[in-house]
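Student: sequence first, predicted model second:
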Amino acid sequence: MKYISTRGQAPVLSFEETMLTGLARDGGLYLPESIPQMSAGDIAALEGLSYEEVAFRVMRPFIGDAFTDEEFQDIIARAYAGFGHAARAPLVQLDSGHFLLELFHGPTLAFKDFAMQLIGQLFEAALKRNGQRVCIVGATSGDTGSAAIEAFRGLDAVDVFILFPHGRVSEVQRRQMTTPTEDNVHALAMDGHFDDCQARVKDMFNDFAFRDAVGLAGVNSINWARVLAQVVYYFTSAVSLGAPQRKVSFTVPTGNFGDIFAGYIAKRMGLPIDRLVVATNQNDILHRCLTSSEYKPDGVIPSISPSMDIQVSSNFERALYYAYGQDGNAVAQLMDELKAGGFSVSQGALQALRETFDSGRCDEDETRATIRDTWAASGELLCPHSAVGVKVANEARVPGTPMITLATAHPAKFPAAVEEASNVHPPLPERMSDLYERSERVSRVDNDLGAIEALIKERTGH
Ligand SMILES: Cc1ncc(COP(=O)(O)O)c(C=O)c1O
Ligand SMILES: N[C@@H](CCOP(=O)(O)O)C(=O)O
């Protein structure tokens, strides 16, 4: 299996190289050269299998010869052993025809654990085999950072630096990043918002001298392995509702477009998905783009679903690549226009996107009302991101096709917003109950590429 860049000008890589490389050297994102197919029979055969067995069958064709079957099975087993639910990603029914896919039973209580726990194991195995050391730098609006730190803390061959927007993540998210004591973990609170953090990470990848000197690696969803791991729960949930005989739709609380893009890959592999619904908060650039064709970031507005406070949605580039008929030059041109302020999606590409994606937006009051009403109607306490999904799903669903909304984080990560909306205080799980007593370790940094690079070089001895 070979991987190519969305901008068409970077070296073609193997799975392992792609995973350890992160961003392509032409600034693009890696994608498989062709998408492996699963027949109706292959999908039907997933019924009754464990999450781990489905993960193996779905991901195996993408990894080529990077790992033997036995190695890959062991890696998958270790990745999900620490999850707090036997099903890993249980499906609960909200009402007839609407289901919630709970993706928050991992160690840091967000869907990011599904991919991060896996790539932590994949990195460790690959780096050990190659005798290699890497410096992971990631940007987070709260959940990627905590999941990455949890997955990589204490690993000998990895330093992990996480840039998060100062004052714009929840207290639980911040403490998850600032309380680990391992020396290889570095939480950096940056002035600005998530888009600034992500831009600085991409700048570091595009600074080849720095990139090569420190052995830069990325674990944001620019990393294809992140997306791949997230494809699995689309299969487990759809099969449990009757796929391949029955089509299902998904609504996905969306920011960086990684999670919903994983659903798109599942569909292209053959999973019978009817609609993929992009649910945005008031940072609704994707909804505006899918309804008007204009993609123009106009400033991040802080919300009660802070992990989705994003206006430059990294993985949308991957969707555009397919919408433009896999034309890397066209994508490169759009990304150049984005640097200058924004772009318009061509009518043909917009039509291609709309063949699969619907979209909707949920404002702050609607988010609170959805938390309150869902709690009253079903006893399910939603985090604000999942509430955005449920509200948009309720508007998008059609009779006869089950709708699965992805519940992307545990309500206890956002206790203030959840309590304000529902009058219910969501407690942290027992294993985290001392989170507020642990001491914090964090460095404040300016939004200044040179200063951040200097700090990373100093801390890693380069
Ligand atoms: C809780 C939560 N929900 C939804 C999202 C949006 O996911 P994506 O960025 O993959 O679109 C994020 C951040 O990524 C998140 O942390
Ligand atoms: N919402 C994310 C933002 C980063 O997204 P990623 O999927 O590209 O890592 C977060 O919680 O950090």
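Tutor: Sure thing, it's come through. Ligands and ions are numbered 1, 2, ... in the order given.
Student: so which residues on the chain come close to ligand 2?
Tutor: Within the chain, the positions lying close to ligand 2 (CB under 6 Å from any ligand atom) are 140-145, 220-221, 255-256, 258, 307, 314. For every residue, glycine as well, the C-beta is placed using N, CA and C.
Student: check contacts around Leu320.
Tutor: Counting by CB atoms under 8 Å, 6 or more residues apart in numbering, Leu320 makes contact with 6, 331, 334, 345, 349.
Student: go again using 10 Å as the cut-off
Tutor: By CB atoms under 10 Å, 6 or more residues apart in numbering, the residues touching Leu320 are 6, 257, 289, 295, 327, 330-331, 334-335, 343, 345-346, 349, 352-353.
Student: can you check Lys339 too?
Tutor: Counting by CB under 10 Å, 6+ apart, the residues that Lys339 touches are 27, 199.
Student: longest helix in this protein, please.
Tutor: Longest helix in the chain by number of residues (criterion: DSSP state H): helix 112-130.
Student: so how far is that one from its chain's centroid?
Tutor: Relative to the chain's own centre, helix 112-130 is displaced by 16 Å; criterion: CA atoms, centre = their mean, to the nearest Å.
Student: can you name every helix or strand that the helix or strand following it contacts?
Tutor: Sequence-wise, the next helix or strand downstream of helix 112-130 (DSSP states H and E) is strand 134-139. Applying 3 or more CB pairs under 10 Å, 6 or more residues apart in numbering; DSSP states H and E, we find strand 134-139 packed against helix 112-130, helix 143-152, strand 158-165, strand 185-190, helix 194-206, helix 208-214, strand 216-217, helix 449-460.
Student: mind listing the strands strand 134-139 pairs with, and their directions?
Tutor: strand 158-165 (parallel), strand 216-217 (parallel) (DSSP bridges).
Student: looking at these, which is closest to ligand 1?
Tutor: Evaluated over those, closeness to ligand 1 peaks at strand 158-165, with 11.8 Å, by CB to the nearest ligand atom.
Student: alpha carbons only: can I get that closest one in CSV?
Tutor: C-alpha atoms of strand 158-165 as CSV (Å, rounded to 0.1, in the frame of the first residue of the first chain):
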residue,chain,number,x,y,z
VAL,A,158,9.6,10.2,21.9
ASP,A,159,9.4,13.8,23.1
VAL,A,160,5.9,15.2,22.9
PHE,A,161,5.1,19.0,22.8
ILE,A,162,1.5,20.1,22.8
LEU,A,163,0.5,23.6,21.9
PHE,A,164,-2.9,24.6,23.3
PRO,A,165,-4.7,28.0,23.2
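Student: flag the shaky bits of the stretch 201-350 of the chain, pLDDT-wise.
Tutor: Along the stretch 201-350 of the chain, the model assigns pLDDT under 70 to no residue.
Student: and the residues of the chain next to ligand 2, which is closest to Arg246?
Tutor: Gly258 (26.3 Å; CB to CB).
Student: you'd agree that closest one is up against Ser307?
Tutor: No: assessed by CB atoms under 10 Å, Gly258 is found out of contact with Ser307, at 11.7 Å.
Student: between these two, what contacts are shared?
Tutor: Residues touching both Gly258 and Ser307 (CB under 10 Å, 6+ apart): 111-112, 144.
Student: just to check, Asn394 is in contact with Ala369?
Tutor: No: Asn394 lies out of contact with Ala369 (CB under 10 Å); the separation is 11.3 Å.
Student: neighbour-wise, which of those two wins?
Tutor: Neighbour tally, Asn394 and Ala369, criterion other CB atoms under 10 Å: the higher count belongs to Asn394, 18 against 15.
Student: surely that one forms part of a helix?
Tutor: Yes: counting by DSSP: H, G, I helix; E, B strand; the rest coil, Asn394 falls inside a helix.
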